[in-house]
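Chemist: sequence and predicted structure, then a few things I'm wondering about:
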Amino acid sequence: MISLLPTLVKLLMGFLCVTVFYVNHGDSSYPSPSTDDPIRRMASLQTLLTVAASTPQGSSSSRVHHATEYGADPTGISDSTEALQQAISDAFISSIEGTHLMEGIADLGGSQLHLDGGTYKISRPLSLPDTTGAGNFMLHGGSLLASHDFPTDRHMIELWSKSNSFMYEDITLKDLMTNSNFRGGGIAVISSLRTTIDNCYISRFTSNGILIKGGHETFVTNSFIGQHINVGGDHREKNFSGIGININGNDNSVSNVVIFSSAVGIMVQGQANIFTGVHCYNKATGWGGIGIHIRSPGLTQTRILNSYFDFTGIVAEDPVQLHISGSFFLGNAFVMIKSLKGVMSGLTIVDNMFSGDYTGVQIVQFDQSNGHYFTTIDQVVVDRNVVRGMILKTTVAKGSKWSNGTKWTVDFSKVLLFPDLIQNVQYTLQAAGSSFPNYILRNVSHNCVTVESDVPVSATLHVLVDQSMLGYV
């Protein structure tokens, strides 16, 4: 195209020259200023066209590479793997001299591969060059479709280097739709720094919608993830498999993401991860599904905030520092604390809403089926949750009991989380009339509080109990 441009310019100039002289031939009732002189106009036009001819399309000064300019087929009929890989390779050679991100990672200056709204078939993963580290690059604006022979053990986009050091930083995957065609996974981010996955629709995977392994600070936001495309109530739900987002690393963030079909919505192995505004209706608990599965026993350090668990809940193994707050659990969804070595510490489940069908499902449950009962329990707070159609469980409770006699017992066994672990009791005996009896806390066991007075009296016992062990000295 570039080699034909000078010839086309000459033809156009000749055509315009004839046209201009023909139009200016003859009389006119309007005066012609000097700028309308045909010779001057032709000279100006020639200058403009000469500049255009001397500037090649796709100039090296541009850092935006378009998939179609490399021969990629935007209809998804032909295989575009080679064309897209070449475009990525070209984007990675346009680094800014003298600047870098992390040491050894070149700054690509905001280079982009624009998919131009097309759908591109690929037969192997799209990967970034690993001969040298680079970052500040974006792949965006189109759809990827796995071919019928795409390897089932790979992901459609892979940020993965064979090097032991970090090779990629500030890579953005945005405005993409991936269709794995039930062959492998969607996106793999391995040992990469500060990666952003934004506004992506990831579908028809068999392994992982998104795999995050190692690295640091991958942000997944404003995205939809599902193995089978549906809006709930799918007849195939009991056979859903795979993991929506599989995280094996630290310091990652998932926000405003919907996971609508997979066996596990989010699998977490690592610390200091945060999940905000996540909606999981990937597979109901009744079919064996889990919304978020936290597999970081002994040191969890995970926060789940303002999320929606729709007929599927949370499973946490030996949690240490886990915070669940401001979330909505619908359809008997609950929090399961699973024992591996019987450890539970720094767990807060507060200010959530639970809604069920009045079949007796507890909002927080224990799995001690391996024979290891929870024996190390410290700083566990389950409080201020509102419940409808499920059984409330809490570590802080209040109760009252009226009696005319010398003994009052308030039974908290139906609401307290732990079977026999009241750590603190506050109580008062409100007596009727003018009597002023002496009374004492007589017994605290099996989640019952008993107070006894020295003389018979008509009185009401008010009790506050706490199992949390917060702030005790």
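Modeler: Sure, I can see it.

Chemist: quick one: what helix or strand has V189 in it?
Modeler: If you go by DSSP states H and E, V189 is part of strand 185-190.

Chemist: and the next helix or strand after that strand, what does it pack onto?
Modeler: Per DSSP H and E, the first helix or strand lying C-terminal to strand 185-190 is strand 193-203. Here strand 193-203 touches strand 168-179, strand 185-190, strand 208-213, strand 216-226, going by 3 or more C-beta pairs under 8 Å, 6 or more residues apart in numbering; DSSP states H and E. Yep, even glycine has a C-beta here, placed from its N, CA and C like the rest.

Chemist: buried ones in strand 193-203?
Modeler: Residues of strand 193-203 classed as buried under the neighbour-count rule (16 or more other C-beta atoms under 10 Å) are 193-198, 200-203.

Chemist: could I get the residues you listed as TSV with pLDDT and distance to F182?
Modeler: Listed next are the buried residues of strand 193-203 as TSV, based on pLDDT from 0 to 100; distance: C-beta to C-beta, whole Å:
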residue	pLDDT	distance to F182
L193	96	31
R194	97	31
T195	98	25
T196	98	27
I197	98	21
D198	98	25
C200	98	18
Y201	98	16
I202	98	13
S203	98	10
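
Chemist: and E69, helix, strand or coil?
Modeler: Secondary structure assignment for E69 (DSSP: H, G, I helix; E, B strand; the rest coil): helix.

Chemist: distance of it from R63?
Modeler: E69 is 14 Å from R63, where distance means C-beta to C-beta, to the nearest Å.

Chemist: ok, back up a step: restricting to C-alpha, output the strand holding V189 in CSV.
Modeler: This file holds the C-alpha atoms of strand 185-190, laid out as CSV (Å, rounded to 0.1, in the frame of the first residue of the first chain):
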residue,chain,number,x,y,z
GLY,A,185,-8.9,-21.9,30.3
GLY,A,186,-9.4,-18.2,29.7
ILE,A,187,-6.6,-16.1,31.0
ALA,A,188,-3.4,-17.1,33.0
VAL,A,189,-1.4,-14.5,34.9
ILE,A,190,1.7,-16.1,36.2
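
Chemist: in its sheet, what does it sit against?
Modeler: Using DSSP bridges, the strands paired with strand 185-190 in its sheet are strand 155-159 (parallel), strand 208-213 (parallel).

Chemist: which of these sits closest to D234?
Modeler: Among these, the nearest to D234 by C-beta to C-beta is strand 208-213 (16.3 Å).

Chemist: nearest to S147, of the buried residues of strand 193-203?
Modeler: For those, the residue nearest S147 by C-beta to C-beta is S203; the value is 15.7 Å.

Chemist: wait, the closest one sits on M177?
Modeler: Yes. Using C-beta atoms under 8 Å as the test, S203 is close enough to M177 to be in contact (7.4 Å).

Chemist: list the contacts of I245.
Modeler: With contact taken as C-beta atoms under 8 Å, 6 or more residues apart in numbering, I245 is in contact with 208-210, 212, 220, 225, 254, 257, 259, 265-267.

Chemist: over to N443?
Modeler: 449-450 are the contacts of N443 under C-beta under 8 Å, 6+ apart.

Chemist: would you turn the contacts of I245 into JSON lines with neighbour count?
Modeler: Below are the contacts of I245 laid out as JSON lines (neighbours: other C-beta atoms under 10 Å):
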{"residue": "N208", "neighbour count": "26"}
{"residue": "G209", "neighbour count": "34"}
{"residue": "I210", "neighbour count": "30"}
{"residue": "I212", "neighbour count": "26"}
{"residue": "V220", "neighbour count": "30"}
{"residue": "I225", "neighbour count": "31"}
{"residue": "V254", "neighbour count": "30"}
{"residue": "V257", "neighbour count": "27"}
{"residue": "I259", "neighbour count": "30"}
{"residue": "G265", "neighbour count": "34"}
{"residue": "I266", "neighbour count": "30"}
{"residue": "M267", "neighbour count": "21"}
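
Chemist: can you tell me the number of residues neighbouring N404?
Modeler: Look at N404: counted by other C-beta atoms under 10 Å, it has 9 neighbours.

Chemist: quickly list what V381 is bridged to.
Modeler: Beta-bridge partners of V381, as defined by DSSP bridges: T348.

Chemist: who does whichever helix or strand S255 is part of pair up with?
Modeler: Using DSSP H and E, S255 sits in strand 253-261. Sheet pairing of strand 253-261 (DSSP bridges) gives strand 216-226 (parallel), strand 273-276 (parallel), strand 279-280 (parallel).

Chemist: redo the ones you listed as JSON lines? Include distance to F366 and mean pLDDT.
Modeler: JSON lines is the format used below for the strands paired with strand 253-261 (distance: least, C-beta to C-beta, whole Å; pLDDT from 0 to 100):
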{"stretch": "strand 216-226", "distance to F366": "30", "mean pLDDT": "98"}
{"stretch": "strand 273-276", "distance to F366": "22", "mean pLDDT": "98"}
{"stretch": "strand 279-280", "distance to F366": "21", "mean pLDDT": "98"}
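
Chemist: just the ones you listed: most buried one?
Modeler: Scoring the strands paired with strand 253-261 by mean neighbour count under mean count of other C-beta atoms under 10 Å gives strand 279-280 as the most buried, with a mean of 24.

Chemist: got a list of contacts for stretch 284-291?
Modeler: With contacts defined as C-beta under 8 Å, 6+ apart, stretch 284-291 is touched by 237-238, 240, 259, 263-266, 280, 282-283, 309-315, 331-334.

Chemist: ok, 6 Å please
Modeler: With C-beta atoms under 6 Å, 6 or more residues apart in numbering as the contact definition, stretch 284-291 has outside contacts at 237-238, 263-265, 280, 282-283, 309, 311-315.

Chemist: quick check: ChimeraX command selecting the buried ones in those residues.
Modeler: To isolate the buried ones among the contacts of stretch 284-291 in ChimeraX, judged by 16+ other C-beta under 10 Å, type:
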select :237,263,264,265,280,282,283,309,311,312,313,314,315
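
Chemist: may I ask which two of the contacts of stretch 284-291 are separated the most?
Modeler: Largest separation among the contacts of stretch 284-291 by C-beta to C-beta: K238 and I314, giving 20.3 Å.

Chemist: from what I can see Y427 touches V465, true?
Modeler: No. Under the criterion of C-beta atoms under 6 Å, Y427 is not in contact with V465, lying 8.9 Å apart.

Chemist: quick one: which of the two has more around it?
Modeler: Just comparing Y427 and V465: by other C-beta under 10 Å the higher neighbour count belongs to V465, 25 against 18.

Chemist: can you tell me how far the residue nearest to the more buried one when sequence neighbours are not counted is from T196?
Modeler: Among residues not flanking V465 along the chain, I422 sits closest, at 4.9 Å (C-beta to C-beta, 6 or more residues apart in numbering). Separation of I422 from T196 (C-beta to C-beta) stands at 48 Å.

Chemist: got it, and Q368?
Modeler: For Q368, the distance to T196 (C-beta to C-beta) stands at 40 Å.
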